[in-house]
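In: Just need the structure, nothing else, for what follows:
(chains A and B)
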Amino acid sequence: SQQGEEDPQALSIQEGENATMNCSYKTSINNLQWYRQNSGRGLVHLILIRSNEREKHSGRLRVTLDTSKKSSSLLITASRAADTASYFCATVLYTGTASKLTFGTGTRLQVTL
Amino acid sequence: DTGVSQDPRHKITKRGQNVTFRCDPISEHNRLYWYRQTLGQGPEFLTYFQNEAQLEKSRLLSDRFSAERPKGSFSTLEIQRTEQGDSAMYLCASSSAPKNTEAFFGQGTRLTVV
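Out: Modelled structure (predicted):
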């Protein structure tokens, strides 16, 4: 079963606008990661935020994490048509030797010219 | 570094046939994961290896599914007596030992059972 849920399920914006995606999860975590997936392709890692961090930046990406609310958000600023993809959050909880990624349901982002 | 490689990229098989997929992880990565993804959904965890040891297996994985990672390098995922419900994208990922590291995904194998 999947750990989290992304909100919204689909988002359509114009180039240059900001896109915000939210992720909620259910259990404790050690870190939370965001991935991008272009249609029919594999996933590409975007950014990782540890459970003791509240905010992280990477280029046009900004991620926040609120462990008290079990939620995270991904902000893409000044969006481009090339940002069109599905975005997934994934949580990691270390349990002994296991450290699997548990993915949410994803947000499909469409950036139009 | 050629990244994570999966073979084949596409597989069409008749119901009841067996299929085997291969994953070659990034060479220095000791962790290897298999996921299954259906259209419009996020990847679902199937199984996880650390070196050659299979440390976790999802309850989604029926007895028809088996995965191996001999010698802790490449891995194979076999599905016996395929069913139409097995049609999906099968994704492999690898990561290195330290905690708080990202996973690198292959392009996936798309399985269609007809």
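In: Show me the shaky parts of the chain.
Out: In the absence of a named chain, chain A is used. A:1-3, A:97-98 (pLDDT under 70).
In: if you could check chain B rather than the one you did, that'd help
Out: In chain B (pLDDT under 70), the answer is B:1, B:97-100.
In: Which residue, neighbours along the chain excluded, lies closest to the residue most central in space within it?
Out: By Cα atoms, centre = their mean, chain B has its centre lying nearest to B:W34, at 3.3 Å. Distances taken as Cβ to Cβ, 6 or more residues apart in numbering or on different chains place B:L46 nearest to B:W34, at 4.3 Å, with adjacent residues excluded. Glycine gets a C-beta too; all of them are placed from N, C-alpha and C.
In: Spit out the contact partners of that neighbour.
Out: The contact partners of B:L46, taken as Cβ atoms under 8 Å, 6 or more residues apart in numbering or on different chains, are B:Y33, B:W34, B:Y35, B:R36, B:K57, B:S58, B:L60, B:L61, B:F65, B:A67, B:L77, B:Y90.
In: which ones among these are found in strands?
Out: Among those, the members found in strands (DSSP state E) are B:Y33, B:W34, B:Y35, B:R36, B:K57, B:F65, B:A67, B:L77, B:Y90.
In: show me what contacts A:Q37?
Out: A:L43, A:V44, A:A85, A:S86, A:Y87, A:F88, A:G106.
In: ok so, going back, if any of the contacts of B:L46 are buried, give me the ChimeraX selection for them.
Out: In ChimeraX syntax, the buried subset of the contacts of B:L46 is picked out as below (16 or more other Cβ atoms under 10 Å in any protein chain shown):
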select /B:33,34,35,36,58,61,65,67,77,90
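In: can you tell me which of the contacts of B:L46 lies nearest to chain A?
Out: For these, the minimum distance to chain A (Cβ to the nearest Cβ) is 6.4 Å, reached by B:Y33.
In: Look up the residues forming beta bridges with the closest one.
Out: When assigned by DSSP bridges, B:Y33 has beta-bridge partners B:Y48, B:A93.
In: residue ranges of the strands in chain A, please?
Out: A:5-7, A:10-14, A:19-24, A:31-37, A:43-50, A:55-58, A:61-66, A:71-76, A:85-92, A:101-103, A:107-112.
In: can you count the residues close to B:S87?
Out: Neighbourhood size, B:S87 [other Cβ atoms under 10 Å in any protein chain shown]: 17.
In: Please tell me how far it sits from B:T13.
Out: 9 Å (Cβ to Cβ, to the nearest Å).
In: Quick check: neighbours shared by those two?
Out: With Cβ under 8 Å, 6+ apart as the test, B:S87 and B:T13 both reach B:L111, B:T112, B:V113.
In: Is whatever helix or strand B:F21 lives in in proximity to chain A?
Out: Element membership for B:F21, per DSSP states H and E: strand B:19-24. No: looking at strand B:19-24 against chain A by Cβ under 8 Å from any Cβ of the partner chain, there are no contacts, and the closest approach is 11.2 Å.
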